[in-house]
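# Predicted model and sequence follow; I will ask about them next.
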Amino acid sequence: MTSKDSIDSRDKQIHSDQNDSKGVKYGCIIFCLLSAFMIGVVINIVLTGIRTVEEILPHTDKTPISIPEERGTENEVKEINLRINAFRKNLDSIEPNNSELTLSPKDINILISNNNYLSDLKGAYFFKSISNEGEIKVLCSRKIRKFLPWKDRRYWNGEMGLSLEVLDGRVFLRVKSLKPSNGSVMPSKIVEKWATQDQLDMYKNDESFSNYTKKINSARFENNTLILSTENSNGAK
């Protein structure tokens, strides 16, 4: 092999790796509407509207709680990724067909356990259920920033209730409830504030993100699953 051939081969490999990485990332973006976008959500939520350290401490803990992990089998991981890739490829096509992606809490938990792109969620989030009304229950244990330099970090442990709404390419993720595991009750002003704010706002200026989400026109919730669809809610493509 000549030096030029070696360089060309290396360039092709780099380009292929970049495409694979993009595919993984954008494939994840589709279901990260439920997961990866929450990486900073808890940290922000518990600090919104807090005026003093004493106001938030009762709702945090010194140590994290144990979060289950669901690795799944090799075949389960492969089947979930095939589903996501097929849905993503259809979104990428010039004239996409009507297409749907169905994900259960188990599917999302398996993806979190096996995907490097979601490594920050491992040990921090566990999807428990998806109701027919669209409420997503998530068990969470997140380290929050230090309030004072000489104080140890605290953790927000508990259950989050999330609401995902998709309407003609517009996607919204909102917090419906926050229940600390220590039995305390979060101040209503925090929950109310975050119930009206879209947690995906910060990502909507990302052209890559918006290029995908604008092709997802509706979401349904059936039998403990989320179904993302390219069809409008009225059945039109």
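Structure's in. What do you need?
# okay, and for the chain, where does confidence drop off?
For the chain, the stretches with pLDDT under 70 are 1-54, 94, 96, 145-150, 199, 202-210, 233-237.
# mind redoing it with 50?
3-4, 6-32, 34-40, 43, 45, 49 (pLDDT under 50).
# In it, what residue spans correspond to strands?
Using DSSP state E, the strands of the chain run over 100-103, 125-130, 135-144, 154-167, 170-180, 218-222, 225-229.
# May I see the buried residues of the last one?
In other words, strand 225-229. Within strand 225-229, the residues scored as buried using 16 or more other C-beta atoms under 10 Å are 226, 228, 229. Glycine gets a C-beta too; all of them are placed from N, C-alpha and C.
# Check the longest one too.
Within strand 154-167, the residues that qualify as buried are 154, 155, 156, 157, 158, 160, 161, 162, 163, 164, 166, counting by 16+ other C-beta under 10 Å.
# Please apply the same query to the second one.
Taking 16+ other C-beta under 10 Å as the basis for neighbour counts, the residues of strand 125-130 that come out buried are 125, 126, 127, 130.
# If I follow the layout properly, the last one ends up in contact with residue 108?
No: with contact defined as C-beta atoms under 8 Å, residue 130 does not count as touching residue 108 (9.2 Å).
# follow-up on the earlier one: if we take the buried residues of strand 225-229, which one ends up nearest to residue 75?
residue 226 (21.7 Å; C-beta to C-beta).
# Quick check: phi and psi on residue 182?
phi -80, psi 10 (degrees, to the nearest 10).
# ok, what's across the strand from the closest residue to it other than its chain neighbours?
In this structure, residue 182 finds its nearest non-sequential neighbour in residue 61, 5.9 Å apart by C-beta to C-beta, 6 or more residues apart in numbering. Counting by DSSP bridges, residue 61 is bridged to residue 155.
# is residue 179 in a bridge, and if so with what?
residue 159.
# these two touch, right, it and residue 158?
Yes: between residue 179 and residue 158 there is a contact at 5.0 Å, judged by C-beta under 8 Å.
# how far does stretch 194-211 stretch from start to finish?
26 Å (C-alpha to C-alpha, to the nearest Å).
# if I pick residue 104, what's in contact with it?
Contacts for residue 104 (C-beta atoms under 8 Å, 6 or more residues apart in numbering) come out as 130, 224, 225, 226.
# cool, residue 231 as well?
With contacts defined as C-beta under 8 Å, 6+ apart, residue 231 is in contact with 98, 100, 217, 218, 237.
# Would you check which pair of the residues you listed lies furthest apart?
Going by C-beta to C-beta, the pair spanning those furthest: 100 and 237, at 12.0 Å.
# pretty sure residue 159 contacts residue 135?
No: with contact defined as C-beta under 8 Å, residue 159 does not reach residue 135; the gap is 11.2 Å.
# show me where this protein has helices.
Per DSSP state H, the chain carries helices over the ranges 3-32, 41-47, 53-56, 74-92, 105-114, 188-195, 207-213.
# Now which of the contacts of residue 231 would you call buried?
Buried among those (16+ other C-beta under 10 Å): 100, 217, 218.
# so how far is residue 128 from the last one?
I take that to be residue 218. 24 Å (C-beta to C-beta, to the nearest Å).
# go on, the second one?
With distances defined as C-beta to C-beta, the gap from residue 217 to residue 128 amounts to 27 Å.
# what's the answer for the first one, then?
The spacing between residue 100 and residue 128, counted by C-beta to C-beta, is 23 Å.
# Then residue 197?
23 Å.
# so residue 60 touches residue 155, yeah?
Yes: assessed by C-beta under 8 Å, residue 60 is found in contact with residue 155 at 6.1 Å.
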